[in-house]
Structures are given as structure tokens and as C-alpha cells.
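Visitor: Please find the sequence and the predicted model below.
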Amino acid sequence: MSNVIAEPQKKEKEYSTLNLGPTHPATHGIFQNVLKMDGEIIMDSEATIGYIHRAFEKIAEHRPYYQITTLTDRMNYCSSPINNMGWEMTVEKLLGVEIPKRVDYMRIVIMELARIADHIVCNTVIGVDTGALSGFVYMFQWREKIYEIFEEICGARLTTNIGRIGGFERDFSDKSWKQINDFIAEFPAILKEYEGLLMRNRIFMDRTIGAGPISPELALNYGFTGPNLRAAGVDYDVRVMNPYSSYQDFDFIVPVGTKGDTYDRFQVRHEEMKQSQSIIKQALQKLEGMKGGPHHADVPAFYLPPKDEVYNNMEALIYHFKVVMGEVDVPVGEVYHSVEGGNGELGFYVISDGGRAPFRVHFRRPCFIYYQGYADMVKGSMLSDAILTLSSMNVIAGELDA
Amino acid sequence: MEFIIYKIILISAVLGLTLLVAMYSTYAERKVAAFMQDRLGPNRAGPFGLLQPLADGIKMFMKEEIIPDVSNKVLFVLGPCIAMVTALMTGVVIPWGPDLIIGGTHYPLQITDVNIGVLYVFGVVSIGVYGIMIGGWASNNKYALLGAIRASSQMISYEVAMGLSIISIIMMTGTLSLREIVEQQAGAHWNVFYSPLAFIIFLICAFAECNRTPFDLPECETELIGGYHTEYSSMKLGFYLFAEYINMFISSAIISCVFFGGYNFPGVDSLGLSNNIMAFLHAGILFGKIFFFIFFFMWVRWTIPRFRYDQLMNLGWKGLLPLSMVNIFITGIVMYLAGKL
């Protein structure tokens, strides 16, 4: 398989400009690419962003901490629970709260489910962009099942706002435990089926091997993280390098690729889904022995007290009022916390001046960083490859623009 | 006079059948896709959603017609017309069944038995590409133009291999008339058993000619939005989509006639039914084969991904073309050894 490299062209050659986006079926979200094309070959590319910029970082400066969780939902909406929990953990770090192990493990179950959902979307969309639609529709049933679990736990599906600062709003119901167990039991067979559909398909391999490759050096220079960096061969995973939420208690493999092309990214994500399953299994085993344990940490200033306490207990009533009005003081400080999001290192940088809202917030959004590298990755390739590269990097407009 | 009336009846019957089959192909496509993807598919309009194609047709007619200001308006309208007309024209040489005998007169179930039937099909199909090219170019849209360029280069490349693959069949049968080709395959002497390679090449090329996955690059929606028909709306879009299904039907018919014995099926002739019933039975057999191939087209579409442009060209010129040439030589040698030359 030879990669298509553009031949050096004479100066007087005329190129055409092609607007890829902002509303193009291949740009899953709203972003634009102005391509300079020589026939089907991309000579130059210029990325434009900002079509759904919603100034989340600025909005966050005016909101009490617990209300910022809902903003994080709307960044990478394919894996919003990870964003939610990343933010909650950041605030917990700022407050210096001790989180019970049970909450950690419950969070891990949810985060890994979200990772599976995210990777289902990305990997099946690679299929769609190569023309194989069936796998996408088929696999989306299983994403649906994950969303049903989320729905059972927190009442929402896409923009979950799952969990609270300090833990979970309520304990998982028996039904949700059953749903999680069922999913883990049934999903491996489905994943295997999907693997059979594309992984060794000659056309799919021809299309994806060598499409949109990136070298580890370039990837690191751009600041790539997550599956896209791992596909290039760098074994950086926040869960391992800087464990949060008790990831150190778990056994799992960090899959790495070699060439950093679309096929490697596909395979890395595929393997990560399997690893996530194994993590969830381990977490479920650990949780088995902790039945009836606490589902939240002891942070009365941030965690709403139970209703009958509020009606009968003065302390609780005060805290209820303070939490709802967001009138709680937070220690002065500066905190950076990052989690392994569905798409890479999702970081939260918070400066607190002690007031009800953070003084300054910055979200480290992996998609924003990937999209910078995109122009370099597609130069000299064909239009079809550029589209595959975009979908395999899983650039999500909500996270790109924030 | 009687001759003309008969021909008119036959032509309208074939035209109506072609349109009907194409119409229900859209329904079948959605049902097959739904089956493969574990869904239900259309089931609201009429029993089992059977009226869905009708509803779609009405929708297409009722839609607002948008002709871009910057387009070449004459060509813009001409594009889908050519696509539709050429798609319908190929049906005339297909032998649908043996002759009907009513009152001692023979009525052939074939609109016309041109003695260059195969060439005629190729010729008309080649014109079909103009519909796409003109439509894509006249839209004055870069995506449409890219789609049109892809379509024309793809069709031209694959026509070569297609034409060469069928030469081995012509060598064996010694005729270009589709009816004679079919008659020679009576019983189980289907050409596919004598020249399987030609069949595989022809099948692949037929996929490319119909713009079906894995060769649907001219309209691959994830790259080119709608490809050559990006700018089209209402029934003009409907014509393009419809032409594709008609082409699929005709391709299936040609494949059945040339390689799978057309209306022949082993053992049917010994049933001892009266001639006219036999004629309809044979026609039914042909349609059975055609439906199988239509299903095959759909099956492939919902299973595998599509090629990239350069890979498609490589496959056409470096893979299929040499293979079909080799096939001609093999056929020649085998015929020589079998003493048929």
C-alpha cells in the first residue's frame, strides 16, 4: 500500500479551494476546513474554528462550583460522565476532601462505561466514513444500553450531570446494577462481531492503513494525548501515569499502535473497549464486598442533605440553603486535575480566590489540540483520507470550541 | 398493425414492470438494510410499509424544485433526463421468456432481438454516464463536479474491463444476440460454469457501473455530500436515484441472461405444461434470478466499505483489465483444446 504523496508542482499550477464544512456530513460537528485542492489531492489545509464557541470558561467564572458540572457535559458530549466526574474531582482536590473507596469504584464503573460509549461512536463512525453503515447502526444499540444505564442512575442520557461534588446523588438502584452486569456479560460477543465486520476487511484495511499518519514526535509536539497519541506509539495514559479515583487498584493494559494512522487509532480504541470491560468487571467484583457502603463523601457544604434532615434539623437546613444558593466558601488556591477522557487528557485548571465562583477556569480540551495537528496530517493526502483522519481522531466540535 | 399493437403492449408492459421493480427495489433496499442492521425498516405506510415507495414518489413530486441560479439551466434539467432515459432503454433487448403462441402466431417476449444486443447494452450504458457528468458539471458546485469526475472516470475504466470480460462469452457462444446466448444455455449449460472468471469480473464491473457500494464514490455522502446530485431537489433528484435502481435491475437481468441461463432452468422443460404457461413460468424463473441478484447488490452494499478513488482505479486498470485479457486467452486455449475452434 503506497501512501499518496503529492508530487511537487510547478508554480503556475492552478488550485481550487474547497470548503470542507462548516456543515458537511463528514465534519461531525461544526468546524471548517479550507482546503486547497489539486484535483483530489489536498495541497494545503487551513482549519477554522469557533462556530459553536459558547465561552464556557468565562461562564464558569460566574457560577457556583456545582453548577459548572453542567457546562462540562456539553464539551465532549460522547463521554459526558467523564467530564462531569473530572470536574467534581478537581473541586474535591481543591477542597481537600477524602473520597470513600466505594465512590471511587462506582465512578470508575461509570467512567469506563462512558469510555466504551465514546469509542463505539468513534469506531463505528470510521466505518460510516468508509461506507459501511451497518456496523454503525448495529453498534448504536449497545451505546443505547449504556445510555439506559446512565438514565437509570442519574435520569439523563446525553448531558448527564452525573454525580455530585463528593460522590453520587444517590446509590445505584438494584436495576442499574443488573443493567451494568448484563451489559458486561453481553457486550464482548457484540464487540467480537463488530471486529469481524471491519478489522480484517481488505477494503477497510486498504482505506485506513496509512491514512492520516502522525509521528510520535510531532504528536507530542502538538500535545496529543489519549488514543491518538497511543496510536502513534507513546504509552501515555493519565489513568496509569497519574492515577485518580483509585485507578491504581486496577489491572489493565494500555494498548499502543505503531504508525499513528487511522487503522492504528481504530485498533487502539477497539482494544481500549476490551480493557474498559475488564476494568468494570474488576470494579464490580470490588464493589460486591462493599454493599451498602457510603455513596458520597462527607462534604456537607457541597453535598445536599437528605430532605427529612432538612425539615427536622437546623444544621441541615442551613447547609441546604447554602448549597442551593451557592454561598459556600472555597479555600484559596490553584488546582490542576486531569482525567483520561474518552478522547485524551481532559484537564481542569482552577484558580480560586475564596469566593463562591472560581476566579479563573481553564479546560484543557484534547479535541482543540488535535484539530491543530489536523492540517499537518492531511497535507498531501486525498480527500477521502482527510475525512477518515478527522473521524478517526474523534474531534468533537463541542469540545473543540467549548 | 397487429404487430405494432403487440409491440406497444409489450413495451408498456416492460416499461411498467421496470418501473415497478425499481420502485419496490427502494422498498426492498430499506427492508434489507433494516434486516441487516437489526431494525424494522419502513412499516407505516400500508401493510408492512408496502405503500412506502408510493409515498416517497408523491413526496418527491410535491417537493419544491430548486434550480441554482449559477447553474447551466438547460443542462441541469437535461442531466437527470439522460440518466433516466438511458436506464430505461436497455430493457428492450432482454429476452423475458420464450415465445407466446396465440392462434398460431408467435409473440416473442422480447421487445426486439437486435443481433448486436450485447453491444447495444454497452452502448446505451456508456451514454448513461453523460447524465451524471452533465448533471454534476451543470450544478456549478465543487462537490458535484468532483462526484461527476469520479463517476465518469470510474465508469469509463470499468467499461473496458466489462467489455473484455464478456468477449470470452461471445467467443463461446459465437453471437451477440442476447436471445441466442440465452437459448444456448438451455438446461444447466450456464455460461457461469464455463467461464467463472468472466462472471466475477463482470459482476464487479456491474457494481461499478451502477455506482453501488463498494464503488459508490460518485455519491459517497460522507465525502461529497451527495456527489453529483448535491444540488438536485424534487423529482430530478428522484430521477437520479430511480435511474440507479433501474440500472441495478437491468444489470441483474443482463447477468442472469448472459451467465445464468436467462429464463432457463434445468428440469423445467420436462414438466410438460402447455406452451404459454411455460412461457410465463420461464419469465418467472428469470425474475427469480433477477431478484436474487438485486438482493445480492443490496447485501454487498450493507456489508462492506467503499474504496478510495486511487484504489478503485488501481483495481480497474491493474487488476480487472489484465485478468479479463488473461481470461480471453484461457477461453481461447480451452476452446482450441476442446476442438471447438
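Guide: Arrived safely. Quick caveat: nothing in here was measured; it's all calculated off a predicted structure.
Visitor: Going along the chain, name the strands of chain B.
Guide: All strands of chain B, identified by DSSP state E, fall at B:97-102, B:105-109.
Visitor: Specify the stretch among those that is closest to chain A.
Guide: Nearest to chain A, of all the strands of chain B, is strand B:97-102, at 36.1 Å by Cβ to the nearest Cβ. No exception for glycine: its C-beta is placed from N, CA and C like everyone else's.
Visitor: Around chain A, which positions in the stretch 51-200 of chain B sit nearby?
Guide: Proximity of the stretch 51-200 of chain B to chain A is confined to B:142, B:143, B:146, B:149 under the rule Cβ under 8 Å from any Cβ of the partner chain.
Visitor: Excluding sequence neighbours, find me the nearest residue to the first one.
Guide: In space, not counting the residues next to it along the chain, residue B:142 is nearest to residue A:18; the distance is 5.5 Å by Cβ to Cβ, 6 or more residues apart in numbering or on different chains.
Visitor: Hmm, residue A:111 is touching residue A:245, no?
Guide: Yes: applying Cβ atoms under 8 Å, one finds residue A:111 in contact with residue A:245, separated by 7.4 Å.
Visitor: Run the chain-centre distance for stretch A:106-125.
Guide: Here the centre of stretch A:106-125 is set off from its chain's centre by 8 Å, with Cα atoms, centre = their mean, to the nearest Å.
Visitor: Ok, stretch A:373-392 next?
Guide: Relative to its chain's centre, stretch A:373-392 lies at 21 Å (Cα atoms, centre = their mean).
Visitor: Would you mind putting the CA coordinates of that stretch into PDB?
Guide: What follows is stretch A:373-392, C-alpha atoms only, in PDB (Å, rounded to 0.1, in the frame of the first residue of the first chain):
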ATOM      1  CA  GLY A 373      -2.500  19.000  14.100                       C
ATOM      2  CA  TYR A 374      -5.100  18.100  11.600                       C
ATOM      3  CA  ALA A 375      -4.000  20.500   8.900                       C
ATOM      4  CA  ASP A 376      -0.500  18.900   9.000                       C
ATOM      5  CA  MET A 377      -1.800  15.400   9.000                       C
ATOM      6  CA  VAL A 378      -3.900  15.700   5.900                       C
ATOM      7  CA  LYS A 379      -1.500  17.700   3.700                       C
ATOM      8  CA  GLY A 380      -0.600  15.700   0.600                       C
ATOM      9  CA  SER A 381      -3.300  13.100   1.100                       C
ATOM     10  CA  MET A 382      -6.500  12.500  -0.700                       C
ATOM     11  CA  LEU A 383      -9.900  14.000   0.200                       C
ATOM     12  CA  SER A 384     -11.200  10.600   1.300                       C
ATOM     13  CA  ASP A 385      -8.200  10.200   3.700                       C
ATOM     14  CA  ALA A 386      -8.700  13.600   5.200                       C
ATOM     15  CA  ILE A 387     -12.300  12.700   6.100                       C
ATOM     16  CA  LEU A 388     -11.200   9.400   7.600                       C
ATOM     17  CA  THR A 389      -8.500  11.200   9.600                       C
ATOM     18  CA  LEU A 390     -11.000  13.600  11.000                       C
ATOM     19  CA  SER A 391     -13.400  10.900  12.100                       C
ATOM     20  CA  SER A 392     -10.700   8.700  13.500                       C
END
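Visitor: Any residue of that stretch touching chain B?
Guide: Yes: Stretch A:373-392 lies within reach of chain B by Cβ under 8 Å from any Cβ, at A:382, A:383, A:384, A:385, A:387.
Visitor: ok so, going back, what sits opposite the residue nearest to residue B:142 in the beta ladder?
Guide: residue A:35 (DSSP bridges).
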